[in-house]
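3D model of this:
(2 chains)
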2 protein chains.
Amino acid sequence: MKALAIDLGGTHATCAVVRDGEILASRVIDLDCTNGLASALPLFSSALREAAQNAGVETHTCDGLALSFCGLVDARTGRVVSTNKKYDDAVGIDLPAWSCKEFGLPFRIENDARMALLGEWYAGGGRGYDNIVMFTLGTGIGGAAMVEGRLLRGKHFQAGCLGGHFPVLFTGRKCTCGNVGCAEAEASGWAIPEVARATPGFESSTLAAGEVTFKAVFQAAAAGDPVAVTVRDRCLHVWAANSVAAIHAYDPELIIFGGGVMKSADVILPYVERFVHEHAWTPWGKVAVRSAELANNAALLGAVPLLTEKFGSC
Amino acid sequence: MKALAIDLGGTHATCAVVRDGEILASRVIDLDCTNGLASALPLFSSALREAAQNAGVETHTCDGLALSFCGLVDARTGRVVSTNKKYDDAVGIDLPAWSCKEFGLPFRIENDARMALLGEWYAGGGRGYDNIVMFTLGTGIGGAAMVEGRLLRGKHFQAGCLGGHFPVLFTGRKCTCGNVGCAEAEASGWAIPEVARATPGFESSTLAAGEVTFKAVFQAAAAGDPVAVTVRDRCLHVWAANSVAAIHAYDPELIIFGGGVMKSADVILPYVERFVHEHAWTPWGKVAVRSAELANNAALLGAVPLLTEKFGSC
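Numbers count the residues shown, from 1 in each chain, chains lettered A, B, ... in the order given. Have a look, this model is predicted:
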């Protein structure tokens, strides 16, 4: 099966032609999400045509067009439901009509975290499992859940994809989502500078000299900086406790972690795995904990499973 | 539609004949769960026959037999999967065969927390909603989730029904489930004596004179005991934060609270509702928060919807 696929982020879009679990050709376009989506559509068209040409594929021979979107979407109707200051005009655009007019192809859309999970399930670290939770550790913490081979979506398309917003410390920090003590508020890219500065001894730590990022914290911790060790270990604890929350919520066999910080998978995975095996209530056995395998290609490789999905009740 | 229904708890079983959302007749049997389930089956048979006679119903005119069980079950095959020191022999019993032989009726089984949600959805506080989370506040905290009109079950039948075991305080108390800081470990009937004793000033509180129960805490708090107010408000905070976790996990329109402590619904519901409306990320609107309406009848009234359920993929 062949598909046109677009992975749309805040600063750029990747337009590709995929065949089953393989990317045949792709082209990246720089974008400014504050300019909206309508003005980007002609750029998508030409980039997809260019990618198709490079792949030696005629677009009309594809089975559909799939868009991975950085916001809440209605996968059933193909419409954007809610944006988060990115491509705010998208809610009013009839994307299925655009795809039909431009390429004569059926259109499907899904949230980017769910698309990444679909891709990993179909062609990456999730192969062989039908019950998966995926967390993407980045500026925020993205989440997605698959139950019995189907994405969990819910009535307002929010189920499963707010895995970074389980409150793991109800007495904790304020989150951007309006809640308090979310995993994201305690251990995400945007939170870690605050967490570090609140750690006793920060001023005399090597972290105080530069920007506090996951990379800086993991490097300084590896070099023995005690404040960095404290901050890193607290992040690990939060991610692990949040994994237990997700296991108790969704009953998965596998948890996949993605995001740039997984360059430190050698530190993160053993910690989370040990914690989960000790703390999660899973009388049936042990939940596997793995790294994502597809990096930036995951959402594009979610195109084929999304286009072939039969929509049911959840 | 008519059904035979059994609601099996640790110390007794209620055997009933139900018609749609109505209990026509019922009979309660005292049981000792350590004696196992096999020895209770003949008692179920005679109690069901007696209830049917009182209701003027011939058992063979019923559409099936539904059992609400206090453990993990496989609703698809009708077998008990895992017990928790209650009726431990149940895993090996072919209950569908028993129902067929005894009454000639199709058999369905479900976990008691899910049955209570089914009953409330069909005939109680959940009517009109298809996306519901239910919490039962008792010795432990029970949970169940319905997504788009279907019970969430998951691969190992654990999804949705561990809502008392989201860690809301990852630095908190040890839970009976093996995890740390679960809502149940911070604010359930079994935890509240420990929580109270750990509250500064406990020894001089009126609570120190007797058994520390929800009832004692809510009464003493209403009478102005400052330690009781602290303990009560901490429970409210935990239940509310845990409700946000469930909203972010399952995307419900409605949260239903059941359990004996809901005699204090006038204190609990406004607090949880206000907290949830301030803290949950629900751009589509506001989650409703309500009391259960059916009390001990909920699980029995789940019989008809369980028997008519078409099993799908989640």
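
contacts and neighbour counts: CA atoms only from here.
OK.

ok, which stretches of chain A are strands?
A:2-8, A:12-19, A:22-30, A:65-69, A:72-74, A:79-82, A:107-111, A:132-137, A:141-147, A:150-151, A:254-258, A:288-291 (DSSP state E).

Among those, which comes closest to B:Leu37?
When the strands of chain A are compared by C-alpha to C-alpha, strand A:141-147 sits nearest B:Leu37, at 31.3 Å.

Work out which residue lies at the spatial centre of chain A.
A:Ala113 (3.2 Å; C-alpha atoms, centre = their mean).

For burial, what's the neighbour tally of A:Thr230?
Neighbours of A:Thr230 under the rule other C-alpha atoms under 10 Å in any protein chain shown: 16.

Okay, it and A:Ala196: tell me how far apart.
According to C-alpha to C-alpha, to the nearest Å, A:Thr230 and A:Ala196 sit 9 Å apart.

Spatially, what comes nearest to A:Pro252 if we skip its sequence neighbours?
A:Asn131 (4.5 Å; C-alpha to C-alpha, 6 or more residues apart in numbering or on different chains).

roughly how far apart are the one you found and B:Gln158?
Going from A:Asn131 to B:Gln158 by C-alpha to C-alpha gives 12 Å.

so what sits against both of the two?
A:Asp251 (C-alpha atoms under 8 Å, 6 or more residues apart in numbering or on different chains).

ok, back up a step: my understanding was that the residue nearest to the centre of chain A contacts A:Leu162; is that so?
No: the criterion here is C-alpha atoms under 8 Å, and A:Ala113 misses it with A:Leu162 at 9.6 Å.

Pretty sure A:Asp130 is one of the things A:Val147 touches, is it not?
Yes: taking C-alpha under 8 Å as the definition, A:Val147 is a contact partner of A:Asp130 at 6.6 Å.

Neighbour count for those two, which is higher?
The residue with more neighbours, out of A:Val147 and A:Asp130, is A:Val147; 25 against 19, by other C-alpha under 10 Å.

so what's the more buried one bridging to?
Beta bridges link A:Val147 to A:Arg150 when assigned by DSSP bridges.

which neighbours do A:Ala113 and A:Leu162 share?
Between them, A:Ala113 and A:Leu162 share the contacting residues A:142-144, judged by C-alpha under 8 Å, 6+ apart.

Now tabulate these in a markdown table and tack on neighbour count and distance to chain B.
Output for those, formatted as a markdown table (neighbours: other C-alpha atoms under 10 Å in any protein chain shown; distance: C-alpha to the nearest C-alpha, whole Å):
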| residue | neighbour count | distance to chain B |
| --- | --- | --- |
| A:Gly142 | 24 | 12 |
| A:Gly143 | 27 | 10 |
| A:Ala144 | 30 | 10 |
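
need the contact list for A:Met146.
A:117, A:130-133, A:152, A:160, A:252.

Taking these together, which two end up most distant?
Greatest spacing in those, by C-alpha to C-alpha: A:Asp130 and A:Gly160 (14.5 Å).

I figured A:Phe214 hits A:Ala187, correct?
No: checked against C-alpha under 8 Å, the pair A:Phe214 and A:Ala187 is beyond contact range at 9.4 Å.

neighbour-wise, which of these two wins?
Ranked by neighbour count (other C-alpha under 10 Å), A:Phe214 and A:Ala187 place A:Ala187 first, with 29 against 26.
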